[in-house]
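Q: Next comes the sequence, and after it the predicted model I'd like to discuss.
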Amino acid sequence: KYLSHSKWEPVNKILKDAFKEYSSKQYSNCITKAITSIQAFLQITVNGKIGKLNISKLITIGQNSNLIPKDTFTKKIFDNMESIFSIYRQDKGIAHPPKEEATEKDARLILNLVMIFMQHCIQD
């Protein structure tokens with residue numbers, strides 16, 4: 001429901017792919033796609049379309065522009081989540097040669113964080 005607006009179609013497509021990868025036990029692919037969906041979500045939120053900039057820069061711009069929450073609690077959560085996303089994408093995703101294979105638990109954690117992140121950001 002949170003992502004039902006047509007502007008979120010690219011995000012929904014990526015998230016759907018992430019869940020397919022999870023169902024197929026392709027956990028490293030799932031992690032990469034789930035985190036990519038966050039980046040797409042933030043790009044649309046900040047720029048109105050898929051484009052450039054990394055997650056941390058997009059969070060900063062989004063908060064400074066009042067497009068996503070920026071209270072102290074949220075800032076701490078976003079800092080920690082962005083760090084977790086970076087670590088998992090680097091170490092267990094397929095964006096780079098993975099240092100180790102992702103597990104079902106790893107993929108589930110990232111999917112849950114992604115959903116919480118998006119639900120918290122959508123303010124309408």
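A: Sure, I can see it. From a predicted model like this one, the values you see are computed outputs, not experimental measurements.

Q: and the closest residue to Lys92 other than its chain neighbours, what does it touch?
A: With Cβ to Cβ, 6 or more residues apart in numbering as the criterion, Lys92 has its nearest non-adjacent residue at 3.9 Å, and that residue is Ala102. Backbone N, C-alpha and C define where each C-beta goes, glycine included. By Cβ atoms under 8 Å, 6 or more residues apart in numbering, the residues touching Ala102 are 27-28, 30-31, 88, 92-93.

Q: in the chain, which helix or strand is least confident?
A: Taking mean pLDDT, DSSP states H and E as the measure, the chain has helix 72-91 as its least confident helix or strand, at a mean of 80.

Q: which other helices and strands contact that one?
A: helix 27-47, helix 55-64, helix 104-121 (3 or more Cβ pairs under 8 Å, 6 or more residues apart in numbering; DSSP states H and E).

Q: For the residue nearest to Lys92, which three-state class applies?
A: Three-state assignment for Ala102 (DSSP: H, G, I helix; E, B strand; the rest coil): coil.

Q: do you know how far it is from Thr32?
A: As judged by Cβ to Cβ, to the nearest Å, Ala102 and Thr32 stand 9 Å apart.

Q: on that earlier part again, the residue nearest to Lys92 and Pro69: what is the separation?
A: With Cβ to Cβ as the criterion, Ala102 and Pro69 are 29 Å apart.
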